[in-house]
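Enquirer: how would this look folded up:
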Amino acid sequence: MEEDKIGYQDEEVFGIVERYEQMRKNNENYFFDVSEFETIIDYYLEQNDVAFAYEATETASCQHPNSVSLDLRKAKVLIDKGRAVEALSVIKRLESIESGNYEVYLIKGAALGMMGDIQGISKNFDYALSLDRSEEINILLGITSILYNLNHFKLIIPYLERLNLLEPGYSTHIYDLAFAYEKLQEYENSISNYNLFLAKVPFSDSAWYNLGILYNKTGQADKAIEAYDFALAVNPDNFFALFNKGNILSNEERYEDALTAYLEYLNFEEESSEALTYAAECYEKLGNHENAVKYYLNAIDIDPDFSEPWFGLGMTYLNDNIRDKCLNHFNKAVKLAPDNPEYWYCLGKAYYRFKEVKKAVRSFMVAIKIDPFYDVVWNDIGHLVISEGLYFRVSSIMEKALRITGDVHGLRFVLAASYLYSGDNDKSYFHLSKAVEMAEKGAKEFIDLFPEHLLNDELKILLTENI
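Expert: Numbering: from 1, shown residues only. Predicted coordinates:
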């Protein structure tokens, strides 16, 4: 017998399950009455041992082929095993003899839900609710449990609201509503319900933590930090709140505070390559390059396949103008994450810094291929083209690129600048007018590509109106 599976304190349950497992071990056939099989199957379901639960239902069916309660459990087990069609065949037989049993329709709704029949879910759940008003709360609890397991968060809302009306003092329903709205990305409704829950249960660190996530998603950084602080006040060991707080502080450029949060987090998770990397970034932003390098290297030692510390080291060495280490680390980063346009862009910047123009252009073009609307890359390409005097050669290349990629405003800005420098004001105006028409931020980001002494009146007006 597997001792770790016997977790019940109830001696009677312990004895029944022990006897059943003894039968299995000895490959014998003992008799169990219906209630004993119910106990055995329920035990395995609560232990999340679906395989043992299914085996018990098969044995039970042989000994008690006409038991409705055992057939209901068999259907539940089949649902847990993902065998919805088989569960429906069991339920179809039960419907003819137990048409007033709401559990039949809860299981039927669950099976139909697994098969994607949304109408069937609602129809059967609503019918189950109509069968026994005295059991309305229990039926609703069953419905919401099923819908959570099926991730049908849109369907669950009205049933949770109904539960909340029936049990207004039961704060868990409010929490569940907040969670469902969060999954539906209805963040304001979710925030409202989490706050209602916290008004009743102020010492729930999970609710404060979830609220912090939502405030961050909705751009309310100060409220997010406050929510994480409450989560930590309730539970100082909630290190996920500490980590998220550090991320927000870093995004807000509060690097000293962010570093404090990351270092505290590392007391819990000392081998977190992410936290080591983000702490290193903070050290770098604070001008402490020695500690930045140290923490990046520690992150790499823990997870050499994690690209971010390699990239971070590349940036650190770029800022310190250390060529070989800078390029080696950037190249390692792009090898580990070849689809990251930022890595390729910074590699291009490094190559250009160290006078390797062809490699810089090649890296910039990879970044643009990954993300054609990466404006800062187009801007740097434009400056490279102008500073290197390549505008005569680049115009024809960019025209061909435009035919392949279609309208990309960054490409058009570079074309407009190239034609401006080569003296073709008509083509410059044509591409610039297209570029500013497409660019959400207008020409402001690219204005440095168009020096005033080269502009005619038409180009000046076009740029002035779109800055």
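Enquirer: buried ones in the helix or strand Asp257 falls within?
Expert: According to DSSP states H and E, Asp257 maps onto helix 255-268. Across helix 255-268, burial judged by 16 or more other C-beta atoms under 10 Å covers Tyr255, Asp257, Ala258, Leu259, Thr260, Ala261, Tyr262, Glu264, Tyr265, Leu266. Glycine gets a C-beta too; all of them are placed from N, C-alpha and C.
Enquirer: go on, stretch 382-398?
Expert: Within stretch 382-398, the residues scored as buried using 16+ other C-beta under 10 Å are Gly382, His383, Leu384, Val385, Ile386, Leu390, Tyr391, Val394, Ser395, Met398.
Enquirer: tell me how far the ends of that stretch are from each other?
Expert: End-to-end span of stretch 382-398 (C-alpha to C-alpha, to the nearest Å): 11 Å.
Enquirer: Report the mean per-residue pLDDT for that stretch.
Expert: Taken as a whole, stretch 382-398 has an average pLDDT of 85.
Enquirer: Same question for stretch 401-420.
Expert: Per-residue pLDDT over stretch 401-420 has a mean of 85.
Enquirer: what about it, how long is it end to end?
Expert: Using C-alpha to C-alpha, the gap from the first to the last residue of stretch 401-420 comes to 18 Å.
Enquirer: From the rest of the structure, what touches that stretch?
Expert: 368, 372-375, 377-379, 381-382, 385-386, 391-392, 394-395, 398-399, 425, 427-432, 434-436, 438-439, 443, 446, 449-450, 454-455, 459 (C-beta atoms under 8 Å, 6 or more residues apart in numbering).
Enquirer: Same question for stretch 194-202.
Expert: Counting by C-beta under 8 Å, 6+ apart, Ser171, Ile174, Tyr175, Ala178, Ser204, Ala207, Trp208, Asn210, Leu211, Leu214 sit against stretch 194-202.
Enquirer: Which of the contacts of stretch 401-420 are buried, as a ChimeraX select command?
Expert: Selection of buried members from those for ChimeraX, criterion 16+ other C-beta under 10 Å:
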select :368,372,374,375,377,378,379,381,382,385,386,391,394,395,398,425,427,428,429,431,432,434,435,436,439,443,446,449,450,455,459
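Enquirer: just checking, which of the contacts of stretch 401-420 belong to helices?
Expert: Within the contacts of stretch 401-420, residues falling in helices by DSSP state H are 368, 375, 377-379, 381-382, 385-386, 391-392, 394-395, 398-399, 425, 427-432, 434-436, 438, 459.
Enquirer: need the contact list for the closest residue in space to Gly82 that isn't next to it in sequence.
Expert: Spatial nearest neighbour of Gly82, chain neighbours left out: Met114 (7.0 Å); criterion: C-beta to C-beta, 6 or more residues apart in numbering. Taking C-beta under 8 Å, 6+ apart as the criterion, Met114 is in contact with Ile79, Gly82, Ala84, Leu150.
Enquirer: Let's have the residues you listed in TSV, adding distance to Glu11 and secondary structure.
Expert: Formatted as TSV, the contacts of Met114 follow (distance: C-beta to C-beta, whole Å; DSSP: H, G, I helix; E, B strand; the rest coil):
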residue	distance to Glu11	secondary structure
Ile79	31	helix
Gly82	35	coil
Ala84	37	helix
Leu150	36	coil
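Enquirer: in stretch 165-181, what's buried?
Expert: Residues Ser171, His173, Ile174, Tyr175, Asp176, Leu177, Ala178, Phe179, Ala180, Tyr181 are the ones in stretch 165-181 that count as buried (16+ other C-beta under 10 Å).
Enquirer: Take the contacts of stretch 194-202 and keep only those in helices.
Expert: Counting by DSSP H, these contribute Ile174, Tyr175, Ala178, Ala207, Trp208, Asn210, Leu211, Leu214 to helices.
Enquirer: For the buried residues of stretch 382-398, work out which two are farthest apart.
Expert: His383 and Ser395 (15.8 Å; C-beta to C-beta).
Enquirer: quick revisit: with respect to Tyr102, which of the buried residues of helix 255-268 is nearest?
Expert: Tyr265 (48.0 Å).
Enquirer: In this model Gly246 seems to touch that closest one, though I could be wrong.
Expert: Yes. Judged on C-beta atoms under 8 Å, Tyr265 makes contact with Gly246 at a distance of 6.4 Å.
Enquirer: overlap in contacts of these two?
Expert: Common contacts of Tyr265 and Gly246 (C-beta under 8 Å, 6+ apart): Ala275.
Enquirer: tell me the angle of the lowest-mean-pLDDT helix or strand in the chain relative to helix 425-438?
Expert: When each helix and strand of the chain is scored by mean pLDDT, DSSP states H and E, helix 391-405 comes last, with a mean of 79. Helix 391-405 runs at 40 degrees relative to helix 425-438, counting by axes from the mean of the first three to the mean of the last three C-alpha atoms, to 10 degrees.
Enquirer: Show me the strands in the stretch 251-400 of the chain, by range?
Expert: Ranges of strands within the stretch 251-400 of the chain: none, based on DSSP state E, counting those that start in this stretch.
Enquirer: Okay, and Phe32 sits in which element?
Expert: Residue-wise, Phe32 maps onto no helix or strand under DSSP H and E.
Enquirer: okay, now it: neighbour count?
Expert: 19 (other C-beta atoms under 10 Å).
Enquirer: And Asp33, what's its pLDDT?
Expert: 92.
Enquirer: if I pick Asp80, what's in contact with it?
Expert: Neighbours of Asp80 in contact, by C-beta under 8 Å, 6+ apart: Leu45, Val50, Ala53.
Enquirer: 10 Å instead?
Expert: Contacts for Asp80 were tallied using C-beta atoms under 10 Å, 6 or more residues apart in numbering; they are Leu45, Asn48, Val50, Ala51, Ala53, Tyr54, Ala87, Ala110, Asn149.
Enquirer: now whichever strand or helix holds the fourth one: mean pLDDT?
Expert: By that I understand Ala51. If you go by DSSP H and E, Ala51 is part of helix 50-63. Computed over helix 50-63, the mean pLDDT rounds to 90.
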